Structure formats: C-alpha cells, structure tokens
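Novice: Give me the fold of what follows.
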Amino acid sequence: MKKTGLLNQPLSEVIAGMGHFDTLVIADAGLPVPPATRRIDLAVSAGVPPFLDVVHAVLGEMQVQSAIVAREMASRSPETYAALRLLLGETPVELVAHDEFKAQTAQARAVARTGEFTPYANVILVAGVVF
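Specialist: Got it, this is the predicted structure:
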C-alpha cells in the first residue's frame, strides 16, 4: 500500500504516464467531460472532495509548467481563483473564455471530477519536465 502522496490509483497512473505538454484537468462537479476523454470521478457528494484539495494533492505529484483557467473564474469565483493562484505560486496562468476551456479538455489525458459546486472551479494543468 502506498503510504504518502496521492493515493488515488487512476489519478496517480495518469500523472506517472504524462509527458511534457500533456494536460490534466481538475474539474468541478458540473464540467462536461468529452466522451473520448478519460474521466476520473472523485466526486462523493456536494463539496467532497473540494477542488482546491485535489489541486493541492496533484501539485505534490506532478511537475506543472503552466495552467489554464476560464476567465470567468476570476470574476464569478474570485476567492477560489485567488486560492488557486496561491497554490500555483509562480506557475504562469493563461486565462481563456470558458467555451475555449471546455474545448481544450478534449485534448487532456484525463479529467478528474471533484465534488466542487463553486462555479468555474476548473483548471488545466500542463505538464513540465523535471530536468
């Protein structure tokens, strides 16, 4: 049994298999997942697990060179946006329209669906390299 870090097997597997520029989406409970994109459903109930907790856990395992969020997140959910920026630290964040964000999820290696009910609580994490 793994004793530290990310314990979710499907999520850990996706991260371990990612290469440079591959993407992983951490999503709220309502983001549509394209039919051909792998869905890792973490949602248990409303708010469980929270979006920010999942992002925090993933950042402990994944080398992230940049992130993409919907522009609407900053205006509709400013507290969540501020907390996400804090978690990401110096990582560059690109803001795009929500429709563009949804379109980009089709190229992701996977979408991890949380139980988050905060509007626009979604992020696309772009894999970096550790060397």
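
Novice: Any idea which residue is closest to the centre of this structure?
Specialist: Geometric centre of the chain, nearest residue: Ile26, 2.2 Å, by CA atoms, centre = their mean.

Novice: What about it? Give its phi and psi, please.
Specialist: phi -110, psi 120 (degrees, to the nearest 10).

Novice: who's it bridged to?
Specialist: Ala112, Val123 (DSSP bridges).

Novice: if I read this right, Thr91 contacts Ser66, doesn't it?
Specialist: Yes - counting by CB atoms under 8 Å, Thr91 touches Ser66, with 6.2 Å between them. For every residue, glycine as well, the C-beta is placed using N, CA and C.

Novice: Gly19: neighbouring residues, count only.
Specialist: The tally of other residues near Gly19 (other CB atoms under 10 Å) stands at 8.

Novice: who does the strand ranked longest in the chain pair up with?
Specialist: The longest strand of the chain (DSSP state E) is strand 64-70. Note on strand 64-70: by DSSP bridges, its sheet partners are strand 93-96 (parallel), strand 123-127 (antiparallel).

Novice: Work out the gap between the last one and the centre of the chain.
Specialist: In terms of CA atoms, centre = their mean, to the nearest Å, the centre of strand 123-127 is set 6 Å apart from its chain centre.

Novice: and Glu61, how many residues sit next to it?
Specialist: Glu61: 13 surrounding residues under other CB under 10 Å.

Novice: Which strand or helix spans it?
Specialist: Applying DSSP states H and E as the criterion places Glu61 outside every helix and strand.

Novice: now Val58
Specialist: Using DSSP H and E, the element containing Val58 is helix 51-59.

Novice: Contacts for that helix next, please.
Specialist: 5-6, 11, 15, 24, 26-28, 42, 80, 83-84, 87-88, 112, 114, 116, 118, 121-123, 125 (CB atoms under 8 Å, 6 or more residues apart in numbering).
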